[in-house]
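J.: Structure for the following, please:
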Amino acid sequence: LNLREGDIMPNQRSAILGNQYRWNIPIPYELSVNLSMNYKGVILRAFEQFRLKSCIEFKPRTAEDISYISVESRDGCWSYIGHRVAGAQTLSIGDSCGIKAFIEHLFLHALGFLHEHTRYDRDDYVTINFKNIITGYESNFNKYSENLTTTQDTPYDYYSVMHYDKDALSNGNGSTIITKRPEFQNVIGQLLDMSEYDVIELNKLYKCSEYFPHCSFFSLNVVCSAADYGWQRVKSVSGISVTDHTYLGKEQKGVSFFMHFSTKGRNEGDAARMESKKMTPKRDCKVQCLQFYYYHSGNESDQLNIWIREYQNEADNRGTLRLMDQITEPPGNYWKLHHVPLNANKTFQVVFEARKGAGNSSGGFSLDDINISETECPHTWQIRNFEKVLKYSLPGTWMDSPFYYSSEGYRFQALLIVYQNYLSIYVGLVSGAYDDQLKWPCPWRQITFQMLDQNPHIQKRMSSEKSFTTDPTLASSYDSNYWDNPRNNGTRVVIGNETVYLGIFWGYEYAIMKEDLTKREFIKGGDIIFLFTMQGRFCAVPSEMEIINSLRLSSKYMMVIRVLQRSVRTVRVQPNFCVHPDIR
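T.: Sure, this is the predicted structure:
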């Protein structure tokens, strides 16, 4: 294919100005049968990011939809710019581009975006070395004129997912793009996620204005609109070494606050509530996830209760309270990420209730960086003092996560291995309580692990994410199926007071390069956080992941580990580790 910019389909006009090139929302789409199961799952996860960060909604095509995006696996990875074709407008996701960020890149083209380095003002920010470009590909670096394109008044964005990397289309004689600010030379071309300004530009282009709320307590009128006496908006707490989470370990930009309820000197049963503003679910499948950080410095009997108040209709002024979660545990004295599935069907509020328990207390509960999204909640693995792990651990040091259950009942565990220059991540099935009720081998469930960008605002995050899908036909060299019941193909071990079977672990050897850990807020307060999901159904498209299709994962990037004879589960990170003899 003679594509003008590598991933842009040639067309008579290439400007993004003009409402005729905008799609009506929601945008119909159709996934071709020649896409692998894993690619289909990654596409749906990319759609989740568009829903999370904008008003862009995608829906499966119906017979009534004349114009739609036909997502296919053709030769190469490319898209038209904007809404150009009546009927089926092809977007190709070929080999090697089935990662979330690149799929976002292609769909942003379809939504009307050009490449960042072709902006009319690009010469103020980058230098193009035309002598280093492969002959015949120079047009990929041409600028578009100001009267044909728009930047929506956003600044030039080195972090844009639409920016070429420094060596794009190089003939081997050096970089093709040099940033005027050297610190961004290794930033351009990132494949994490849409950037903050990508999102701002998209929302301006499609006039998006309504989102689920975020609150870091710079003011009290954003999400936490009302608080009883007892909750206090503070910058610090006397006698406790707690500062706000928003700027934890960073240079503070202005004054920052968090909310605190002190249980010191109170009577047992004393409580205070803090309520969000009212929110109305927009998606047909009623799923919401509440995400927040809390700092517990009180007594282990103190409680943090999370309720929702759901309103039946506009005439209902009282609402009905439902308890969704309760946190009562020994104090941790550090900021801890927590997720709560809400699943409200009607207009609702979130209510945080802190309650004094029995016994003495010298602290209380603190809250910060609250986000609510219409997505399913992931499992959380927060590794404490990970900076020390990187500094003191020997290459080959491994640590394993707690056990998790998927929404269907499959039990699994993650394994992280620290090497000199990179991190490896693997996931394996574990025998569980529902094994006799599940399908085996585990069929076409997509497992995703995400290294969380701990930016306080969920719309501004650029997390590192990888996915793979369980193939029920995949057999190992041990003459067993990779995704069979661990009781059939696993290793029997005793962990604590429980006897379990650990299956075969599968994942990415070069999951994360250490040099990338500093590019975003992946480590904050010394901690790193991984999020895990195992999905067989997606909210918007319940049948997509159930279509049986072949899965091909490049052996260049994939590696299988069979975990043998593990009798101790390492869940608390210490400076010194045992190295597993089979994983040196």
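
J.: any idea what sits nearest W78, other than its immediate chain neighbours?
T.: Once flanking residues are discounted, W78 sits nearest to D7: 4.6 Å by CB to CB, 6 or more residues apart in numbering. (Glycine included, C-beta is placed from N, CA and C.)

J.: Return the distance of the one you found relative to I99.
T.: 13 Å (CB to CB, to the nearest Å).

J.: quick one on the thing from earlier: what sits against the residue nearest to W78?
T.: Contacts of D7 were listed using CB atoms under 8 Å, 6 or more residues apart in numbering, and they are 76-79, 105-106, 109.

J.: quick check, nearest of the residues you listed to N129?
T.: Distance to N129 across the contacts of D7 (CB to CB) is lowest for H105, with 22.6 Å.

J.: Where does pLDDT dip in the stretch 1-150 of the chain?
T.: 1-6, 8-17 (pLDDT under 70).

J.: where do the strands sit along it?
T.: 27-31, 58-60, 68-72, 77-79, 88-93, 126-128 (DSSP state E, counting those that start in this stretch).

J.: I'd like the contacts of D7 as JSON lines, with distance to E116 and neighbour count appended.
T.: As requested, the contacts of D7 are arranged in JSON lines below (distance: CB to CB, whole Å; neighbours: other CB atoms under 10 Å):
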{"residue": "G76", "distance to E116": "21", "neighbour count": "16"}
{"residue": "C77", "distance to E116": "17", "neighbour count": "21"}
{"residue": "W78", "distance to E116": "17", "neighbour count": "23"}
{"residue": "S79", "distance to E116": "16", "neighbour count": "25"}
{"residue": "H105", "distance to E116": "10", "neighbour count": "24"}
{"residue": "L106", "distance to E116": "15", "neighbour count": "24"}
{"residue": "H109", "distance to E116": "12", "neighbour count": "23"}
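
J.: Pull out the buried positions in the lengthiest helix in the chain.
T.: Once the chain is assigned using DSSP state H, the helix that runs over the most residues is helix 37-53. Using 16 or more other CB atoms under 10 Å as the test for burial, helix 37-53 gives 37-53.

J.: May I have it exported as CSV, CA atoms only?
T.: Presented in CSV, the C-alpha positions along helix 37-53 are these (Å, rounded to 0.1, in the frame of the first residue of the first chain):
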residue,chain,number,x,y,z
MET,A,37,-9.5,-12.8,19.7
ASN,A,38,-6.8,-10.8,21.6
TYR,A,39,-7.0,-7.9,19.1
LYS,A,40,-10.7,-7.8,19.5
GLY,A,41,-10.4,-7.5,23.2
VAL,A,42,-7.7,-4.8,23.0
ILE,A,43,-10.0,-2.8,20.6
LEU,A,44,-12.8,-3.0,23.1
ARG,A,45,-10.4,-1.8,25.9
ALA,A,46,-9.4,1.1,23.6
PHE,A,47,-13.1,2.0,23.3
GLU,A,48,-13.3,2.0,27.1
GLN,A,49,-10.6,4.7,27.2
PHE,A,50,-12.5,6.8,24.7
ARG,A,51,-15.6,6.5,26.9
LEU,A,52,-13.6,7.2,30.1
LYS,A,53,-11.9,10.3,28.8
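
J.: Now do it: which elements does it pack against?
T.: Counting by 3 or more CB pairs under 8 Å, 6 or more residues apart in numbering; DSSP states H and E, the packing neighbours recorded for helix 37-53 are helix 100-111, helix 196-205, strand 446-451, strand 464-469.

J.: burial measure for S209, as a count.
T.: 8 (other CB atoms under 10 Å).

J.: my hunch is that it is in a strand, does that hold up?
T.: No - counting by DSSP: H, G, I helix; E, B strand; the rest coil, S209 is not part of a strand but coil.

J.: now it: how far from G112?
T.: Applying CB to CB to S209 and G112 gives a distance of 18 Å.

J.: Equivalent analysis for V287, please.
T.: 29 Å.

J.: Equivalent analysis for N129, please.
T.: Counting by CB to CB - N129 and G112 are separated by 28 Å.

J.: more crowded one of those two?
T.: Between N129 and G112, counted using other CB under 10 Å, G112 has the larger neighbour count: 25 against 17.

J.: I'd guessed that one sits against Y21; true?
T.: Yes - with contact defined as CB atoms under 8 Å, G112 reaches Y21; the gap is 5.5 Å.

J.: what sits in contact with each of the two?
T.: With CB under 8 Å, 6+ apart, G112 and Y21 have common neighbours 81-83.

J.: Turn the residues you listed into JSON lines, including neighbour count and distance to Q437.
T.: Formatted as JSON lines, the shared contacts of G112 and Y21 follow (neighbours: other CB atoms under 10 Å; distance: CB to CB, whole Å):
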{"residue": "I81", "neighbour count": "23", "distance to Q437": "49"}
{"residue": "G82", "neighbour count": "25", "distance to Q437": "48"}
{"residue": "H83", "neighbour count": "20", "distance to Q437": "46"}
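
J.: which one of the residues you listed is nearest N421?
T.: I81 (38.1 Å).

J.: The closest one and R74, how far apart?
T.: 17 Å.

J.: Q232 is nearest to which of the helices and strands packed on helix 37-53?
T.: helix 196-205 (30.5 Å).
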